[in-house]
Each structure stands twice: as structure tokens, then as C-alpha cells.
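S.K.: attaching a predicted model along with its sequence, questions to come.
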Amino acid sequence: MYENDMKIIEQAQEGSKEAMTKLIEDNNGLIWSIVRRFSGRGYEIEDLYQIGSIGFIKAIQRFDTSFEVRLSTYAVPYILGEIKRHIRDDGPIKVSRSIKELNVKILELQKQYFNKYGKEITLEEISKELKISKEDITMALDSTRPVDSIESAKYTDNKTDKTISILEQISTGKDEQTEITNRLTIKNLIGELNDREKEIIMLRYYKQKTQMQVSKILGITQVQVSRIERKVLDNMRRKLSV
């Protein structure tokens, strides 16, 4: 089976449309699993599938059949990269004018507060000052985050001083194919968290804050931050290992 796949890949690289079509059809599920990550962001899902297919074709064209890796594994970053490039070139996630204006107000308030008190303002304080719900504030702040933050988000471990990603932190130590599946499910796992858990994960892994800094921002103790963070990561590991 593996040798047959290599022959089909070589045929596709030599210009066989039939071989290229077969490879796309055989990996249709992989392409769709990545495309669905970007649903609900103002783009037609079918259009993103076509963009993802272009990324897959590029992976085929650049794939070295001597690699000790499956095409599906090799193709994932190409599919993701092509979709992200399209979204970046087409503009970030579509954001309404009201959310943009709210984001400006929040950023200005954060700046003024820090300049006055020498520390970061909490979500509760922003909500009270602007008379806006915490959910709307979170949405406004999320609108400015890059699309690929879940892959690139890193933080410095307090114990080892080593910079690691959230994926590495919850890795189950399984094979490369499983790791790809993990990457595709992390975003959904974060979406299942409650507001407090999500705030802690966002501050720790996206904003690269220490547990002490997070405790001050959220108005809770460092022990509470550590306990919640550990519970979230343990739950993620458990779900990824199923």
C-alpha cells in the first residue's frame, strides 16, 4: 500500500491529473478537518476547501518520496499555511465597526490605567469602567489576535525557563499522526472552557504572563491560578488520549 502511494505521488509530480485527483480524494477528510477550524469567520467554507486543496497540491509537488513520513503528515502545514495566507491577504477575521471602536477604547483604558497605577487593569475593572459585559470585552480583544495564535502561542515555564507551546505542554507523547490530530482539536477544547479557565489559558499561553501576573490581573491568588491551570491541562490531556 505504501509503495503504491509513492508511485501515485510520483505520477502526480510528473503531471498526471488522474493521480493528483486520486490523492486529493484519498486525503479529502484531512483537508476538511483543517478547513472546518476556520468556519464561522466570515468565509465560505467551500472556498476555504479549495484554498486548502491548493496547499495540499503544493505539498505533493514538494514532497520527497524518500522522506520517512507520510504525505498526510507532511501536507498539514501546507494546507494550514495556504488557508492562513489567504485569510491574512484578504484581511483578518471580519470585525464590525462597533467591535473595532470598543477595542480602541479598551486599549486606551489599559494604557491609561497602567501609566497611572503601574499594573494591568483586570477584566472586571474594564467591564465596570466601560459599563460593558466581560463577554463583549473578550470578543473585542479576541478580534485583534492573529489567526494562527493557537499554533504559535508559547510561554516560558517558570521552573525550567524553557519556552514551550501549549501543544507541547499537553502532549500525550503519541506518534506524529496523533500529534496532528491533537493540533486540530486543541482549539475546540479551549472553546469548551468556562470564562475564568479561558482567561487564564489566554493570559498564560497567549500573553505569556506568569502565574503571579495572572493572579494580579484576575484578582485571585497564584495558588488558584496554578490549580485552575493544572486542572485545565489535565482535562485536555485526558480528552486527547481518548
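M.R.: Received, thanks.

S.K.: for the rest of this, base every contact and every neighbour count on C-alpha atoms.
M.R.: Will do.

S.K.: Glu229: how many residues sit nearby?
M.R.: Glu229: 18 surrounding residues under other CA atoms under 10 Å.

S.K.: how is this structure divided into domains?
M.R.: Following automatic domain parsing, one finds the domains of the chain at 2-90, 95-144, 147-242.

S.K.: give the rounded mean pLDDT of the longest one.
M.R.: Same thing as domain 147-242. Here domain 147-242 scores 68 as its mean pLDDT.

S.K.: what separates Asp234 from Lys207, distance-wise?
M.R.: Remark: distance between Asp234 and Lys207 (CA to CA, to the nearest Å) = 21 Å.

S.K.: now swap in Ser133 and tell me
M.R.: From Ser133 across to Lys207, the span is 21 Å (CA to CA).

S.K.: can you give me the strands in this structure?
M.R.: Taking DSSP state E as the criterion, the chain carries its strands at 154-156, 163-165.

S.K.: quick one: the helices in this structure?
M.R.: Remark: helices assigned in the chain by DSSP state H are 2-13, 17-26, 28-35, 45-62, 71-90, 97-117, 123-130, 134-142, 149-152, 166-169, 176-191, 195-201, 211-218, 222-240.

S.K.: please give me every residue in contact with Ser215.
M.R.: With contacts taken as CA atoms under 8 Å, 6 or more residues apart in numbering, Ser215 has the following neighbours: Thr221, Gln222, Gln224, Val225.

S.K.: can you rerun that using 7 Å?
M.R.: Listed by CA atoms under 7 Å, 6 or more residues apart in numbering, the contact partners of Ser215 are Thr221, Gln222, Val225.

S.K.: could those residues go into JSON lines alongside neighbour count?
M.R.: Listed next are the contacts of Ser215 as JSON lines, based on neighbours: other CA atoms under 10 Å:
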{"residue": "Thr221", "neighbour count": "14"}
{"residue": "Gln222", "neighbour count": "17"}
{"residue": "Val225", "neighbour count": "23"}
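
S.K.: want to throw these into JSON lines with distance to Ile201?
M.R.: Converted to JSON lines, those look like this (distance: CA to CA, whole Å):
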{"residue": "Thr221", "distance to Ile201": "15"}
{"residue": "Gln222", "distance to Ile201": "14"}
{"residue": "Val225", "distance to Ile201": "10"}
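
S.K.: list just the nearest of the residues you listed to Arg196.
M.R.: Arg196 has its nearest neighbour among the contacts of Ser215 in Val225, at 9.7 Å by CA to CA.

S.K.: hang on, the closest one packs against Met212?
M.R.: No: look at Val225 against Met212 with CA atoms under 7 Å: they stay out of range, at 8.2 Å.

S.K.: could you measure from Glu135 over to Ser16?
M.R.: Noted for Glu135: a distance of 52 Å to Ser16, by CA to CA.

S.K.: right, I mislabeled it, should have said Lys134
M.R.: Using CA to CA, we find Lys134 at a distance of 55 Å from Ser16.

S.K.: likewise Asp136?
M.R.: Asp136 is 51 Å from Ser16, by CA to CA.

S.K.: then Ile87?
M.R.: Per CA to CA, Ile87 is found 30 Å from Ser16.

S.K.: neighbour count for those two, which is higher?
M.R.: Taking neighbours as other CA under 10 Å, Ile87 and Ser16 compare with Ile87 leading, 19 against 13.
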